[in-house]
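Asks: Here is a sequence with its predicted model. Questions after.
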Amino acid sequence: MNFDRNTIIGFVAMMVLLFGYIFFTQRQQGALEAEKQHIADSTAKVEAVKRKAAEEKQKALAAQQQADTSNKAPIAADEFQTGAAEQITVVENEVMKVNFTSKGGYPKSIELKKYKRFDGKQVVLGGDKHQLVYQVNAGANKSAKTSDLQFAAGAVTTSADGQAITFSVVNAAGQSIEHAYKIKNNSYLIDWTVQLKGADKLLTQGILNLNWDITANQQEKDLKYEKGQSNIGFVEDGGYDFEAAGTGDSKKFGEKTKWIGVKQQFFNTSLIAVNNFASAETNWTVPESKDDSLHKVMDVQSTLRFNLAGVSAATIPMQLYYGPNDYHILKAFDNKLESHVQLGYGIFAFVKYINRFVVMPVFDFFNKNIGSMGIVILLLTFFIRLIISPLTYTSYLSGAKMKVLRPEIDELKKKYGSDQQAMSMEQMKLFRQAGVNPLGGCIPAVLQIPIFFALYSFFNSNIALRGENFLWAKDLSAYDTIANLPFNIPFYGDHVSLFTITATITSLLISVYNQSMTPTQDNPVMKYMIYFFPIMLLFIFNSLPSALTWYYTVSNVVTLGLQLIIQKFIINEDKLHAKLQENKKKPVSKSKWQERLEQMQASNQKLQDMQKKGQNKK
């Protein structure tokens, strides 16, 4: 491949796009660390004030609770059934175990049977800080949270498609609260229906404010990377969007909000309103790196409002999803939950269609028939290279054309010397006569960039890679490690990834080979520019999934093989040179663009000539 000036320009453009894309995805739409720190500092000041107010409020509340305890008057004890002991009811299907608490009648924690977290324990969503509660009127000037009420658990009933359980609490006036759950077979989705009898008495102004608190705990070995892949996703007014976890933030939602979800790298917890929320608000905080020992990704508090004004008997149908970010599982619900699997978003959203309609079907086909995930990626790489082979051949052919024309270009340089304007005009004329597109080498390469972006998103979000080992990589969804460093290298990390090294070395080999096939560049910067990109990969790829670096290694080996075969056995430079010389004898019609370009160049040349004459007269 001949690296002339236009090719170098295209190459630099590719690097800028690639660096921009990876930086964009890793920082979740370009939030720089300095900006994050500034936000964190500002937030810290605000939180300090809030903390102080909260502490004072907590002290006052504790004093009030102590007084209530002394008077032996539990909250709403005269109105609703309460109990001192929390009771846990377990309902499970093939894929999860749900632990329901009688204190509020909601699922407290959910264990996913098919998935292990970074330390070998089962993945558990929810937990001690997980709450789904709301306030109700419990008498004259009294209110109570549903988590303070002791719900009675009904018997677990089994049907052909799943299991059901109901939690209920009744007061002396006949008003009741009922939480009915349906867990279908082999499903991570829970149908939840809230039924209120006497809603006009239980709710103030007919508004039910459902408070949903959840802590997203660490599930993957790289907590920092998991935070970068986590966000608050939602569907509002029919469209999906998300807010990056960042350092924490808040978001308000309108009346057309369908669902809100806490999305981690490979799992999510989402709450879906069958009939939409009246409004909603979510606040989340992300612990600083110094608090990584807590193994928390983020704390999320949401308030989801339902308008039940004028209704005495209310029914609120909802759904709860606790499970993996598996595209096929989520797609089956037909509510855009599959958008949690981010196959391309933002300014690069178009690559999701490449993933959905090309990469994913091919990957799934190989995955069903091949036992090793590493071999699946190998075959996927071969398939992709086969698809883009016409672009590859076009790029190499263009490079060969430029190479055989190099002697004539050198002659033009000698003839016109420092007159760059004349040199440019004659070079364009030579290209046109020989039938060579000066951008033919970089355009096919640029067209391949979306493929890389698509695969970058695919390997980052594909849960099928999670826990799959290959060669020395223990988990293809995370970086591989052959050595842990006792210190952290800026922009590199505290570990050594062997697949990153193989990707870098094979990229360097491609650059060395291309340089050996390219005549010496006049500009030393351009001469060494092609080595810059492979070296940068060493820093960019070191913390990325080993599936991606393995793919890139295989792709580079294929590239080297194709270059050798095409340039040594398919493209005959002598015949190609003869063909180009024959093309120069044929009449060439100019396009309007070429005519305008030549007119502009001629005008610039005349202007330069006039300026030289003026200088000579002086």
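Replies: Ah, there it is.
Asks: okay, CA-based contacts and neighbour counts for the rest of this
Replies: Fine.
Asks: got any ranges where the stretch 351-500 of the chain has weak pLDDT?
Replies: 438-445 (pLDDT under 70).
Asks: go on, the chain?
Replies: For the chain, the stretches flagged by pLDDT under 70 are 1-84, 140, 438-445, 516-527, 573, 577, 584-585, 587-602, 604-618.
Asks: care to break this protein down by domain?
Replies: 5-27+351-584, 36-73, 74-341 (automatic domain parsing).
Asks: can you put those domains in CSV and add mean neighbour count and distance to Ser603?
Replies: Listed next are these as CSV, based on neighbours: other Cα atoms under 10 Å; distance: least, Cα to Cα, whole Å:
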stretch, mean neighbour count, distance to Ser603
domain 5-27+351-584, 17, 10
domain 36-73, 12, 51
domain 74-341, 18, 51
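Asks: My understanding was that Ser372 contacts Phe470; is that so?
Replies: Yes. In this structure, Ser372 is within contact of Phe470 by Cα atoms under 8 Å, at 7.4 Å.
Asks: what's the spacing between Met298 and Arg466?
Replies: Distance, Met298 to Arg466, using Cα to Cα, to the nearest Å: 21 Å.
Asks: An error on my part: the question was meant for Thr146.
Replies: Where Arg466 is concerned, Thr146 sits at a distance of 38 Å (Cα to Cα).
Asks: Okay, Leu455 and Asn462: tell me how far apart.
Replies: 10 Å.
Asks: try Val557
Replies: Relative to Asn462, and taking Cα to Cα, Val557 is found at 24 Å.
Asks: try Phe569
Replies: 39 Å.
Asks: Equivalent analysis for Pro545, please.
Replies: From Pro545 to Asn462 the distance is 10 Å (Cα to Cα).
Asks: check contacts around the residue nearest the centre of the chain.
Replies: Closest residue to the average C-alpha location of the chain: Gln342 at 4.8 Å, with Cα atoms, centre = their mean. For Gln342, the contact set (Cα atoms under 8 Å, 6 or more residues apart in numbering) comprises Lys352, Ser457, Phe458, Ser461.
Asks: from those, which is closest to Asp222?
Replies: Set against Asp222, the nearest of those by Cα to Cα is Ser461 (14.6 Å).
Asks: Name the nearest residue to that closest one, sequence neighbours excluded.
Replies: Val341 (5.9 Å; Cα to Cα, 6 or more residues apart in numbering).
Asks: For the one you found, what are phi and psi?
Replies: Dihedral angles of Val341 (phi, psi; degrees, to the nearest 10) stand at phi -80, psi 100.
Asks: Check Asp222 too.
Replies: Torsion angles, degrees, to the nearest 10, at Asp222: phi -100, psi 100.
Asks: List the residues that contact it.
Replies: Counted by Cα under 8 Å, 6+ apart, Asp222 has contacts Ala478.
Asks: May I have the strands that pair with whichever strand or helix holds Leu210, each with its orientation?
Replies: Using DSSP states H and E, Leu210 maps to strand 207-217. Strand 207-217 sits in its sheet next to strand 131-133 (antiparallel), strand 296-307 (antiparallel), going by DSSP bridges.
Asks: Now tabulate the ones you listed in a markdown table and tack on distance to Ile260.
Replies: Formatted as a markdown table, the strands paired with strand 207-217 follow (distance: least, Cα to Cα, whole Å):
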| stretch | distance to Ile260 |
| --- | --- |
| strand 131-133 | 14 |
| strand 296-307 | 9 |
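Asks: for these, which one sits closest to Asp494?
Replies: Closest approach to Asp494 among those is made by strand 296-307 (20.3 Å; Cα to Cα).
Asks: now that closest one: how far from the chain's centre is it?
Replies: On the basis of Cα atoms, centre = their mean, to the nearest Å, strand 296-307 sits 21 Å off its chain's mean C-alpha point.
Asks: name the helices or strands packed onto the helix or strand following it?
Replies: Note on strand 296-307: by DSSP H and E, the next helix or strand toward the C-terminus is strand 313-324. Packed against strand 313-324 by the contact rule (3 or more Cα pairs under 8 Å, 6 or more residues apart in numbering; DSSP states H and E) you find strand 189-197, strand 267-277.
Asks: Let me have those strands in JSON lines, extended by distance to Ala160.
Replies: Converted to JSON lines, the helices and strands packed on strand 313-324 look like this (distance: least, Cα to Cα, whole Å):
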{"stretch": "strand 189-197", "distance to Ala160": "16"}
{"stretch": "strand 267-277", "distance to Ala160": "23"}
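Asks: Of these, give the one that comes closest to Glu111.
Replies: Closest among those, using Cα to Cα: strand 267-277, at 12.0 Å.
Asks: quick one: contacts for the nearest residue to Phe266 once chain neighbours are set aside?
Replies: Take Phe266 and drop its neighbours on the chain: the residue closest to it by Cα to Cα, 6+ apart is Asn325, 5.1 Å away. Counting by Cα under 8 Å, 6+ apart, Asn325 makes contact with Gln265, Phe266, Phe267, Asn268, Glu338, His340, Val341, Ser461, Ile463.
Asks: ok, now Ser457?
Replies: By Cα under 8 Å, 6+ apart, the neighbours of Ser457 are Gln342, Leu343, Gly344.
Asks: Which of the helices or strands spans it?
Replies: Residue-wise, Ser457 maps onto helix 449-461 under DSSP H and E.
Asks: same deal with Met536?
Replies: Using DSSP H and E, Met536 maps to helix 524-540.
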